[in-house]
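*Asks:* Got a sequence here, can you model it:
(2 chains)
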Amino acid sequence: MMDLLRQVHERNLVRWAKDKPEVVVFSGDLTGSTEIRAFRDAYPGRFFSLGMAEQNMMSWAGGMAREGYSPFIHTFAVFLYRRALDQIEMSIAYPNLRVRMFGFLPGITTPGGVSHQAIDDIAVLRGLPNMTILETGDATDVESVLDTAHGIDGPVYVRMIRKEIPRLFPSDQPMELNKVRRIREGTDVTVITSGICTEEAMRAAAALESRGLSVEHLHATTIKPFSDPQVVESCARAKYGVVTLENHNVMGGLGTSVAELMAEHGIGKRLVKLGLFDTYAHGASREYLMKEYHLDALSLVERLEELTEERFGISEEELTAVRVSDFNSEGQLEAL
Amino acid sequence: MDEQDRETLTAKAQDIRITTIRSIGASGGGHIGGSMSIVEVLTILYYRYMQVDSQNPGKSDRDRLVVSKGHAGPTLYSILADLGFFSEDWLQTLNQGGTNLPSHCDKNRTPGIDMSTGSLGQGLSAAVGMALGLRLDQLSSRVFALIGDGESHEGQIWEAAMSASHFKLSNLIAFTDYNKLALDGCVDEVMSLNDITSKWVSFGWHTQRVDGHSFDQLERAIDKALAEPCRPSMIVLDTIKGKGCSFAEGKVESHKMSFTSKEAEKAVSQLTGKEGE
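*Replies:* As a prediction, this is how the structure comes out:
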């Protein structure tokens, strides 16, 4: 069945960093909230509490990276790219230093309201030369993003998920840089998703498939660079067109990346971008916000109905039921 | 400091000042004011204290310098060229097409530059990070950092101040170039710093205030700072913006001025007392 795991990063980081003395962890007074308590306790000599002073933290990290360390900065995403953007650009990105920024609370994953919801982080950071952007959507992504990020000789921004998260992909299939995960093969539509939206789309795709729609579902873990030939081929093949679904503003995120790639390759297919439609969100539960802003499985079904001009008769109850049952078999897991 | 050392350093500072005036003049002008006020401190650091190797600029056990007031790059370039980090010809290319010497310090382009700076307030934080890195590596190298008084308006300076003393980074020695002038006018009119020395004391730094153009005072202060066992050190330097460059000295407009090589030569003549020869 689809496992739900708790505090994956908390445990994994300790294990992963054991034999990597160059990895140092910075906290901006959010140690518990960013799952680095266990790291702090295991390696107190490599853990640095820098207080609520993010501008200083970014430039510090640049200085330490200059000395050969790999600072792993942990804080909420908004306090990275909004509050300290100039520091990210001048102390990290331009000098092209090996700093890894773990931005928590992407999009509407927090009820904390606009001040805590990073809805434009990708749009802002993808414009920075030298910057790599990775996004996690399940436990395997969260685990394997460390190796992926660590292998990059320059700055990396990671959209991190936390607390209770699903395992959608087998733990022995790590994410790969600039390579999408093909979750489902199909030819009618290509659905490209990232982050927490992937699990929604998996349920929608399973239901649609049962109604005869052939869905190709791709999960993107690298948002920048974004040039995987698999995406190009898939978009070119899709009979009705392409739909993207992301936990981010539709401007400047995954959908925009797909649009650029399609245009660059002369793929004249329709593209429907789902996400926050040029709006700030607000404080409410994740489920509520996903419905309100059309980031959920049912919204995806409805948009595919518009795109294909068909009616699939899929109810919200059916999609919710899939959440529990569809991933119950080992066979399904392997197919993922 | 004995007479001979003082004379040697004074002569070196004079050379650096002249080279810097000419270098900025060759590009039609630049940040002359803040480049002149730091000549003595950079001279004593590089010619008396800092362990660096021009043939191996990235040597791990070198002493580091972060010029957080990055616009004062030209003075540093004059010294690095003199020490052989790169050809003195480069000094004539400041800010021009294809140059490796932009007016703001750039570690990607210039050998001997430890950190890219220019966006004020960031260099001190980077220096603090470097000092921590050196301590973790158990290297006895020191990190020197130079900030401006106008730069001290930036909140990040005080975030860095707090963090360096929190981590007891005694291998960090910072200087404030207190030349009392910012771009718009007197620092205290733009935004008052009040008692700058007390601020650093209250942030937990070993703090001194000296005449930034006196080698004797600089030497005593740096020696004391190096002997400080468990706190970062701040040495506030009373300086004169534009010091030694006749058309810039003490002038608000000296932050960034246009001037020609001819005007530069005139200033050099006045400085060397050979005007009209």
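*Asks:* what about the residue of the stretch 151-277 of chain B found nearest chain A, helix or strand, and which?
*Replies:* For the stretch 151-277 of chain B, the residue closest to chain A is B:Glu159, as judged by CB to the nearest CB, at 3.4 Å. No exception for glycine: its C-beta is placed from N, CA and C like everyone else's. Using DSSP states H and E, B:Glu159 sits within helix B:155-166.
*Asks:* contact partners of the helix or strand following that helix?
*Replies:* Downstream of helix B:155-166, the next assigned helix or strand under DSSP H and E is strand B:172-178. Defining contact as CB atoms under 8 Å, 6 or more residues apart in numbering or on different chains, one finds that strand B:172-178 is touched by B:34, B:37-38, B:41, B:69, B:72, B:124, B:127-128, B:131, B:142-149, B:152, B:164, B:196, B:205, B:209, B:212, B:222, B:225-226, B:232-239.
*Asks:* Who does strand B:172-178 pair with, and is each partner parallel or antiparallel?
*Replies:* Sheet pairing of strand B:172-178 (DSSP bridges) gives strand B:143-148 (parallel), strand B:233-238 (parallel).
*Asks:* Now mean pLDDT and mean neighbour count too, for those, in JSON lines please.
*Replies:* Below are those laid out as JSON lines (pLDDT from 0 to 100; neighbours: other CB atoms under 10 Å in any protein chain shown):
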{"stretch": "strand B:143-148", "mean pLDDT": "98", "mean neighbour count": "29"}
{"stretch": "strand B:233-238", "mean pLDDT": "98", "mean neighbour count": "24"}
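*Asks:* For stretch B:244-262, what does the pLDDT average out to?
*Replies:* Averaged across stretch B:244-262, pLDDT comes to 95.
*Asks:* Name the residue closest to the centre of chain A, please.
*Replies:* The centroid of chain A falls nearest to A:Glu135 when counting by CA atoms, centre = their mean (2.7 Å).
*Asks:* That one bridge partners, please.
*Replies:* In beta-bridge terms (that is, DSSP bridges), A:Glu135 pairs with A:Arg159.
*Asks:* any idea which helix or strand carries A:Val147?
*Replies:* No, residue A:147 isn't Val; it's Asp. A:Asp147 belongs to helix A:139-150, assigned by DSSP H and E.
*Asks:* Please tell me how far A:Arg6 sits from B:Asp89.
*Replies:* Taking CB to CB, to the nearest Å as the measure, A:Arg6 falls 63 Å from B:Asp89.
*Asks:* Ignore what I typed, I meant A:Phe26.
*Replies:* For A:Phe26 relative to B:Asp89 (CB to CB), the value is 42 Å.
*Asks:* about what we covered before: tell me if I'm right that the residue nearest to the centre of chain A and A:Val158 touch.
*Replies:* Yes. Taking contacts as CB atoms under 8 Å, A:Glu135 lies within contact range of A:Val158: 7.4 Å.
*Asks:* and chain A, which residues reach chain B?
*Replies:* Neighbours of chain B within chain A, by CB under 8 Å from any CB of the partner chain: A:24, A:45, A:48, A:50-51, A:53, A:55-69, A:71, A:86-87, A:89-91, A:94-96.
*Asks:* contact partners of the helix holding A:Asp147?
*Replies:* Under CB under 8 Å, 6+ apart, the answer for helix A:139-150 is A:3, A:5, A:8-9, A:12-13, A:16-17, A:20, A:23, A:70, A:100, A:132, A:134-136, A:156, A:158, A:160-161, A:165-171, A:173-177, A:221-222.
*Asks:* Might you specify the subset of those residues located within helices?
*Replies:* If you go by DSSP state H, those have A:Val8, A:His9, A:Asn12, A:Leu13, A:Trp16 in helices.
*Asks:* Just give me the closest of the residues you listed to A:Tyr280.
*Replies:* A:His9 (27.0 Å; CB to CB).
*Asks:* Tell me which residues touch that closest one, please.
*Replies:* Listed by CB under 8 Å, 6+ apart, the contact set of A:His9 reads A:Glu35, A:Ile36, A:Val142, A:Met160, A:Arg162.
*Asks:* Kindly reformat those as CSV containing pLDDT and neighbour count.
*Replies:* Shown next, in CSV, are the contacts of A:His9 (pLDDT from 0 to 100; neighbours: other CB under 10 Å):
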residue, pLDDT, neighbour count
A:Glu35, 97, 24
A:Ile36, 97, 22
A:Val142, 98, 24
A:Met160, 98, 26
A:Arg162, 96, 21
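*Asks:* Between all of those residues, which two are separated the most?
*Replies:* Maximum pairwise distance among these (CB to CB): 13.1 Å, between A:Ile36 and A:Val142.
*Asks:* From what I see, B:Leu139 and B:Arg62 are in contact.
*Replies:* No. Applying CB under 8 Å, one finds B:Leu139 not in contact with B:Arg62, separated by 9.4 Å.
*Asks:* Those two: who's more crowded?
*Replies:* B:Arg62 (18 against 15; other CB atoms under 10 Å in any protein chain shown).
*Asks:* That one and chain A, how far apart?
*Replies:* 11 Å (CB to the nearest CB, to the nearest Å).
*Asks:* isn't that residue right up against B:Ser141?
*Replies:* Yes. Counting by CB under 8 Å, B:Arg62 touches B:Ser141, with 6.2 Å between them.
*Asks:* Identify the contacts common to these two.
*Replies:* Taking CB under 8 Å, 6+ apart as the criterion, B:Arg62 and B:Ser141 both touch B:Gln51.
*Asks:* how about the strands paired with strand B:172-178, which one is nearest A:Lys273?
*Replies:* strand B:143-148 (45.7 Å).
*Asks:* now the strands for chain B?
*Replies:* B:29-30, B:64-67, B:143-148, B:172-178, B:206-211, B:233-238, B:257-258 (DSSP state E).
*Asks:* which residues are contacting the lowest-mean-pLDDT helix or strand in chain B?
*Replies:* Within chain B, no helix or strand scores below helix B:187-190, which has a mean of 92 by mean pLDDT, DSSP states H and E. Contacts of helix B:187-190 with the rest of the structure, by CB under 8 Å, 6+ apart, involve B:Asp149, B:Gly150, B:His153, B:Lys180, B:Leu181, B:Ala182, B:Asp184, B:Leu193.
*Asks:* Would you mind writing the CA trace of it as CSV?
*Replies:* Provided in CSV are the C-alpha atoms of helix B:187-190 (Å, rounded to 0.1, in the frame of the first residue of the first chain):
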residue,chain,number,x,y,z
VAL,B,187,27.2,59.7,7.5
ASP,B,188,25.5,61.1,10.5
GLU,B,189,23.2,63.3,8.4
VAL,B,190,22.2,60.4,6.1
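*Asks:* Around chain A, pick out the residues from chain B.
*Replies:* B:66, B:107-108, B:114-119, B:121-134, B:136-137, B:155-156, B:159-160, B:162-163, B:166-167.
*Asks:* In helices only, show me the residues you listed.
*Replies:* Those of the residues of chain B next to chain A lying in helices (DSSP H): B:122-134, B:136, B:155-156, B:159-160, B:162-163, B:166.
*Asks:* okay, the residue nearest to A:Leu218 when sequence neighbours are not counted: pLDDT?
*Replies:* Using CB to CB, 6 or more residues apart in numbering or on different chains and skipping residues adjacent in sequence, the residue nearest A:Leu218 is A:Val180, 4.3 Å away. Listed pLDDT for A:Val180 reads 98.
*Asks:* Quick check: A:Val180 touching A:His219?
*Replies:* Yes. The criterion here is CB under 8 Å, and A:Val180 meets it with A:His219 at 6.2 Å.
*Asks:* okay, and the common contacts of these two?
*Replies:* Shared contacts of A:Val180 and A:His219, counting by CB under 8 Å, 6+ apart, come down to A:Ile192.
*Asks:* Low-confidence regions, chain B specifically.
*Replies:* Within chain B, the ranges that satisfy pLDDT under 70 run B:275-277.
*Asks:* any idea which helix is longest in it?
*Replies:* Max-length helix for chain B by DSSP H is helix B:3-26.
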